[in-house]
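[1] no sequence for this one, just the structure:
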């Protein structure tokens, strides 16, 4: 958990290194998709088939969280891109972040914020599976008239990156549960290292562009994340859910699977399109840690 809270510091540090020595990372772009599949395999190794029962038990609030995920976040990304006058490439990157699933780090942040971890995992599972279809479709709906969005190809890639590794991971856990439990604690650390690696590659690839677009994208990314956190929390509260449920929904909606958006940007669009995802990876872990810390301190003071 301490390592996760320190993630933004490591992300900023590796970004500085990538800016100073981009030649160390630019040729490693081909590793992004395989490593992301390894992260999804790790997620599958932590899941049991019985975990899907909790999805049904929390079906109403899971549906709420997933609805906000795929309605509010893509719309917010599109509006912010217009407001900040982002280029088409950066708008594509914002949309890929907005239309993706919740990140796996949200489950740990929900735990730190004293939220409902089972609910968080349920929403991550459902949004990840839904993203296989909704991410390419939403990208096409918002940007289809401006760019050539390869919906079917993106759909197949998402199936390969998400569904296949998760199913294999769950199957391996079923067959070798005792052995996997002994190494399960390393999966979160491995996931963080992979995201750091991806951030470094994207920053290195964009080293010539950062001086002109960085602050504009930073502000757009920060607002995008805050919109997700606030919408998730206050809409859940408005619908009568308690603070524990509300903070869980907020974290799940606000913390996106930005690593996946980076991989898709590099595969189907451009290097610049991957920049919002890389910056989101840094910021949402920082805001998530601050959000979790706020709730920890508030609950202790009661």
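    That came through fine. The shown structure was predicted, so the numbers you read here are calculated from the model rather than taken from an experiment.
[2] Where does pLDDT dip in the stretch 101-250 of the chain?
    104-105, 107-108, 111-112, 117, 145-151, 154, 158, 188, 209-214 (pLDDT under 70).
[3] As a check, name the ranges of all helices in it.
    Ranges of helices within the stretch 101-250 of the chain are 105-112, 117-143, 151-158, 164-175, 177-183, 187-205, 210-238, 243-254, based on DSSP state H, counting those that start in this stretch.
[4] Out of the ones you listed, the one nearest residue 25 is which?
    helix 187-205 (3.7 Å; Cβ to Cβ). Bear in mind the C-beta positions are built from the backbone N, C-alpha and C, glycine included.
[5] ok so, going back, may I see the helices of the stretch 101-250 of the chain arranged in TSV, with mean neighbour count and distance to residue 56 as well?
    Converted to TSV, these look like this (neighbours: other Cβ atoms under 10 Å; distance: least, Cβ to Cβ, whole Å):
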stretch	mean neighbour count	distance to residue 56
helix 105-112	25	18
helix 117-143	22	9
helix 151-158	16	24
helix 164-175	16	17
helix 177-183	11	23
helix 187-205	22	25
helix 210-238	18	19
helix 243-254	27	16
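[6] I'd like those helices as JSON lines, with distance to residue 17 appended.
    JSON lines is the format used below for the helices of the stretch 101-250 of the chain (distance: least, Cβ to Cβ, whole Å):
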{"stretch": "helix 105-112", "distance to residue 17": "22"}
{"stretch": "helix 117-143", "distance to residue 17": "30"}
{"stretch": "helix 151-158", "distance to residue 17": "29"}
{"stretch": "helix 164-175", "distance to residue 17": "29"}
{"stretch": "helix 177-183", "distance to residue 17": "29"}
{"stretch": "helix 187-205", "distance to residue 17": "7"}
{"stretch": "helix 210-238", "distance to residue 17": "14"}
{"stretch": "helix 243-254", "distance to residue 17": "27"}
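[7] Three-state assignment for residue 86, please.
    Following DSSP: H, G, I helix; E, B strand; the rest coil, we place residue 86 in the coil state.
[8] likewise residue 270?
    State at residue 270, reduced to three classes by three-state DSSP: coil.
[9] Give the burial count for residue 26, as a bare number.
    14 (other Cβ atoms under 10 Å).
[10] With adjacent residues omitted, what lies nearest to it?
    In this structure, residue 26 finds its nearest non-sequential neighbour in residue 204, 5.0 Å apart by Cβ to Cβ, 6 or more residues apart in numbering.
[11] Quick one, which of the helices of the stretch 101-250 of the chain gets closest to residue 47.
    Using Cβ to Cβ, these put helix 164-175 closest to residue 47, at 5.3 Å.
[12] quick one: residue 180 and residue 96, what's the gap?
    Residue 180 is 32 Å from residue 96, where distance means Cβ to Cβ, to the nearest Å.
[13] nope, residue 138 is what I was after
    9 Å.
[14] Ok, residue 245 next?
    28 Å.
[15] Just read off the phi/psi values of residue 48.
    phi -120, psi 160 (degrees, to the nearest 10).
[16] Ok, residue 85 next?
    Backbone torsions of residue 85, given as degrees, to the nearest 10, read phi 60, psi 40.
[17] Just give the closest residue to it, not the sequence neighbours.
    Of all residues not flanking residue 85 in the chain, residue 216 sits nearest, at 7.7 Å (Cβ to Cβ, 6+ apart).
[18] check contacts around that neighbour.
    With contact set as Cβ atoms under 8 Å, 6 or more residues apart in numbering, residue 216 has these partners: 84-86, 90.
[19] between the residues you listed, which has the most around it?
    residue 90 leads these on contacts (other Cβ under 10 Å) with 23 neighbours.
[20] angle of whichever strand or helix holds that residue against helix 117-143?
    For residue 90, the host element (DSSP states H and E) is helix 88-98. In terms of direction (axes from the mean of the first three to the mean of the last three Cα atoms, to 10 degrees), helix 88-98 departs from helix 117-143 by 150 degrees.
[21] Now do the buried residues in helix 88-98.
    Within helix 88-98, the residues scored as buried using 16 or more other Cβ atoms under 10 Å are 89-98.
[22] ok, now stretch 71-87?
    72-74, 76-81, 84, 86.
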